[in-house]
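A.B. asks: got a sequence here, can you model it:
(chains A, B, C and D)
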Protein chains: 2
Amino acid sequence: MDAGAIRRSLEGRGLRCTPQRYAVIAFLLKQNKHPTAAEIFEAVNRVDPRCSRATTYNNLRDLVQAGLVREVAVEGRAARFDATGMRHHHFICDRCGNVEDMEWYEVPQPASNSLGKRIVRECELIFRGLCSKCAPRHASG
Amino acid sequence: MDAGAIRRSLEGRGLRCTPQRYAVIAFLLKQNKHPTAAEIFEAVNRVDPRCSRATTYNNLRDLVQAGLVREVAVEGRAARFDATGMRHHHFICDRCGNVEDMEWYEVPQPASNSLGKRIVRECELIFRGLCSKCAPRHASG
DNA sequence: TGTCACATTAGATATAATCTAAAAACGTAT
DNA sequence: ATACGTTTTTAGATTATATCTAATGTGACA
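C.D. replies: Numbers count the residues shown, from 1 in each chain, chains lettered A, B, ... in the order given. From the prediction side, this is the model:
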């Protein structure tokens, strides 16, 4: 995704392409792991000190609302953010909390629409275990 | 699940059946929705003021570690806890953050074990949308 | 260039959860 | 029953994460 495409996808959703906002999403698009807000702030702010903590959080919120970024909550840890365009599932490491992508595949919907009055968006599949960094540290695998 | 069964399942995992610990898991077992730690603390503490905040959190941590309770992280909100014995999936309301159970059904594993060095436990399916309380408030459904 | 809505900022604040060190409760051996 | 070591609990401080506030800046466009 080049600069023009990023600009267009922001403006197509009513978001101005400010330097700060651009920096946040461009940084996210470069990642293959999914950083926390604090990590994003640190990285973006190091390159361009104009981007404050509040702006980082504001922009992440806006980008999530606009559907350009996915937020992944992790128990007892900071949320992770993910700007990957392609559909995918997620893997969360029990030990370090890192979130990684898993290849996407179709998941059957619930049989009876026991959902009743609810409006359901899409379902996510979350795998759990130990990532390649953490697995070796465990004695018995 | 009666008191004896609770006691046995605690002690079977090396956890003493203290009044506080018992109160936490017994309260959770009664719920059909999944309360936050703060809600659990409030409810348990109201009945028995001996149970402090730290104890509630400690016990929730221990119960999760022992596999008797599931923790569900929700973006931007407090985690929810779930002591249901039966397998199930989860539904999270985008608006109020409430977590509800969805009927369980088998989900296919990823085709290629692209997991590589990772050790995978089990996968969870999370549905999103608006719960029956929140859905009506939305104009266009 | 003036205007106005959108964005950004630093720092304060809120919320969620954990830590600390001391005291209490429990199980066991005596 | 009593003493002892371990587990558990406690109140309050502390950390971690995220949001809020009110002032300031920015850019598109008339």
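A.B. asks: past the helix-or-strand element of chain A with minimal mean pLDDT, which element shows up next along the chain?
C.D. replies: Least confident helix or strand, chain A: strand A:119-120 with a mean of 70, by mean pLDDT, DSSP states H and E. Next in sequence after strand A:119-120, counting helices and strands by DSSP states H and E, comes strand A:124-130.
A.B. asks: please enumerate the strands of chain A.
C.D. replies: In chain A, the strands defined using DSSP state E lie at A:70-74, A:77-82, A:89-93, A:99-102, A:119-120, A:124-130.
A.B. asks: redo the ones you listed as CSV? Include mean neighbour count and distance to chain B.
C.D. replies: For glycine as for every other residue, the C-beta is placed from the backbone atoms N, C-alpha and C. Shown next, in CSV, are the strands of chain A (neighbours: other C-beta atoms under 10 Å in any protein chain shown; distance: least, C-beta to the nearest C-beta, whole Å):
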stretch, mean neighbour count, distance to chain B
strand A:70-74, 19, 4
strand A:77-82, 19, 6
strand A:89-93, 21, 7
strand A:99-102, 20, 6
strand A:119-120, 15, 4
strand A:124-130, 19, 4
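A.B. asks: and those strands, which one is worst for confidence?
C.D. replies: Note on the strands of chain A: strand A:119-120 shows the lowest mean pLDDT, a mean of 70.
A.B. asks: centroid-nearest residue for chain A?
C.D. replies: Centroid check for chain A by C-alpha atoms, centre = their mean gives residue A:82 as the closest residue, at 2.0 Å.
A.B. asks: need the contact list for it.
C.D. replies: Shown in contact with residue A:82 (C-beta atoms under 8 Å, 6 or more residues apart in numbering or on different chains): A:28, A:34, A:69, A:70, A:71, A:72, A:90, A:99, A:101.
A.B. asks: then residue A:108?
C.D. replies: Each residue near residue A:108 by C-beta under 8 Å, 6+ apart is listed here: B:105, B:107.
A.B. asks: the closest residue to residue A:67 other than its chain neighbours and DNA strand D, how far apart?
C.D. replies: What sits nearest to residue A:67 in space, not counting adjacent residues and going by C-beta to C-beta, 6 or more residues apart in numbering or on different chains, is residue A:13, at 7.5 Å. Taking C-beta to the nearest atom of the strand, to the nearest Å as the measure, residue A:13 falls 15 Å from DNA strand D.
A.B. asks: related to what we said a few turns ago, run through the bridge partners of the residue nearest to the centre of chain A.
C.D. replies: In this entry, residue A:82 is beta-bridged to residue A:70, by DSSP bridges.
A.B. asks: can you tell which of the strands of chain A is closest to DNA strand D?
C.D. replies: strand A:77-82 (3.6 Å; C-beta to the nearest atom of the strand).
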